[in-house]
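S.K.: I'll drop the sequence and a predicted model, then ask my questions.
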Amino acid sequence: MPTPSDAPYSYDGLDRVIHEKARLSVMTSLISHPEGLAFNELKTLCGLTDGNLSRHVHVLAEAGLVAIHKGYEGNRPHTSCALTPAGRERFLEYLNVLEQVVRNASSAADETSAIKSAPGKLKPV
C-alpha cells in the first residue's frame, strides 16, 4: 500500500465536499462570519441563486459542516446558516492541505524557472 511519501501530490485532505467552487465560497463566507449569515446575505456574498445556494448548503449540512436555522423575524420566514464546530475544524484542515498545494506548485514553478534561465542549460523546445 502506498504511503503519503510515495504520492506526495495526492492531497487526500482536499475534501471533495468542500472543494466544489460554490461550497468553498459558502464555507469561506461562513468562517468569516462566526455568528452565521442570513440566507440572502450568503447568497449575495457567494453570487449564487436561491436554488443553487439551497442545494449546496444542504450538501454541507448533510455532511455536518453547516447548521441551518429556520425561524421568523417578525412575521417573515428567516433562514440562516452557520458553520458547525466540526465544519470549522474540517475547513481549517482543508485549508492546510490547500496551502501545501500552493507551496508545492510555487516551489516547482521556481525550480522550473531556475532551470530555464541557467546559463549553458538546454531549454525545452
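M.R.: Received it, and whenever you're ready, just let me know what you need. Numbers count the residues shown, from 1 in each chain.

S.K.: which other helices and strands does the helix or strand containing Tyr94 contact?
M.R.: Using DSSP states H and E, Tyr94 sits within helix 85-117. With contacts defined as 3 or more CB pairs under 8 Å, 6 or more residues apart in numbering; DSSP states H and E, the packing partners of helix 85-117 are helix 16-19, helix 21-31. Every residue, glycine included, has its C-beta placed from N, CA and C.

S.K.: low pLDDT regions in this structure?
M.R.: The model of the chain has pLDDT under 70 over residues 1-5, 111-125.

S.K.: in space, what's closest to Lys70 - neighbours in sequence excluded?
M.R.: Residue nearest to Lys70 in three dimensions, not counting chain neighbours: Thr79, with 5.2 Å by CB to CB, 6 or more residues apart in numbering.

S.K.: pretty sure that neighbour sits in a helix.
M.R.: No: counting by DSSP: H, G, I helix; E, B strand; the rest coil, Thr79 is located in no helix; its state is strand.

S.K.: okay, which residue is most central for the protein?
M.R.: By CA atoms, centre = their mean, the chain has its centre lying nearest to Leu24, at 3.5 Å.

S.K.: residues touching the residue lying closest to it once chain neighbours are set aside, list them.
M.R.: Spatial nearest neighbour of Leu24, chain neighbours left out: Ile18 (6.0 Å); criterion: CB to CB, 6+ apart. By CB atoms under 8 Å, 6 or more residues apart in numbering, Ile18 lies in contact with Leu24, Met27, Leu60, Leu65, Arg90, Phe91, Tyr94.

S.K.: what is the nearest of these to Gly71?
M.R.: Set against Gly71, the nearest of the contacts of Ile18 by CB to CB is Leu60 (19.3 Å).

S.K.: tell me, how many residues neighbour that closest one?
M.R.: Applying other CB atoms under 10 Å, we find 26 residues neighbouring Leu60.

S.K.: that one: helix or strand, and which one exactly?
M.R.: helix 50-62.
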